[in-house]
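Got a sequence here, can you build the structure:
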Amino acid sequence: MLVAAAVCPCPPLLVPEVAAGAAPELDAARTACADSLGLLAAARPDLLVVVGPAAGAGPARYAQGTPGSFRGFGVDRDVTLGQPAGSVAAEGTLPPSLAVAGWLLERAGWADAPVEGLAVGEELAAERCTGTGGEIAARAERVALLVMGDASACRTVKAPGYLDERAEPFDAQVARALGAADLAALKALDTRLAHELKVSGRAPWQVLAGAAEGAGLSGTLLYEDAPYGVGYMVATWS
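Residues are numbered from 1 along each chain as shown. Here you go, the predicted structure:
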């Protein structure tokens, strides 16, 4: 059963080495992410599943210790998804969203429970997302989720997707849903609109909604802002 969840944004700019001179602009987001991971540790889960967006349609699983890096962003910085487990090297390479999660876990010194990763396609249907969430929640008696994903990338003219007047209302709807742990609102997010607004978090948030079914969790929104014209949110559910 799901006992706790943290929702964090996944821009590589969260990693100070990647952000370089712009790093202070996301200090508040980093602090909120650290606080959210503290809540996950306090929940004493038996299993932590990290869910993040990736290219492609179907879910892809990553074992604890899977490596990732930020070399594609011009930085010689490597991470793993949680501490490497045993002497057998994990296969594959983390997508960027899970690499950012690996950095957050490393920064928090996570050693509280085994870690697994799940990358979900940004176009994965809502029903598949919620069904996947239900399967995750049944994996252990006490399951925690670290859910990575950004809101719209169309909040300003300098945003990656330019300015779209629909972006701010969409992000406000998501912020309300995450802050209230409103499963119905998350499940009802418009997949096409999310795609048009370049929202990477839609599928991971709907996985969370499926995992939280029947868990009776309450939500708290810790951070919401749109630096660089992209909506970033941090929330906790417990």
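
Give the next helix or strand downstream of the helix or strand of the chain with the lowest mean pLDDT.
Taking mean pLDDT, DSSP states H and E as the measure, the helices and strands of the chain show their lowest mean at helix 16-19, namely a mean of 92. Beyond helix 16-19 on the C-terminal side, the first helix or strand identified by DSSP states H and E is helix 27-42.

contacts for that next one?
Helix 27-42 has contacts (Cβ atoms under 8 Å, 6 or more residues apart in numbering) with 4-9, 14, 48, 104-105, 107-108, 110, 112, 144, 146, 222-223, 225, 227, 232, 234-236, 238. Heads up, the C-betas are built off the backbone N, CA and C, glycines and all.

residues contacting the spatially most central residue of the chain?
In the chain, the residue lying closest to the centroid (Cα atoms, centre = their mean) is residue 148, at 0.7 Å. By Cβ under 8 Å, 6+ apart, residue 148 lies in contact with 8-10, 50-53, 97-98, 100-101, 201, 204.

Could you pull up phi and psi at it?
Here is the backbone geometry of residue 148 (degrees, to the nearest 10): phi -100, psi 140.

Tell me the bridge partners for it.
Counting by DSSP bridges, residue 148 is bridged to residue 8.

repeat for residue 68
residue 79.

mind showing which ranges of this protein have poor pLDDT?
Per-residue confidence for the chain (pLDDT under 70) gives these ranges: 57, 86-91.
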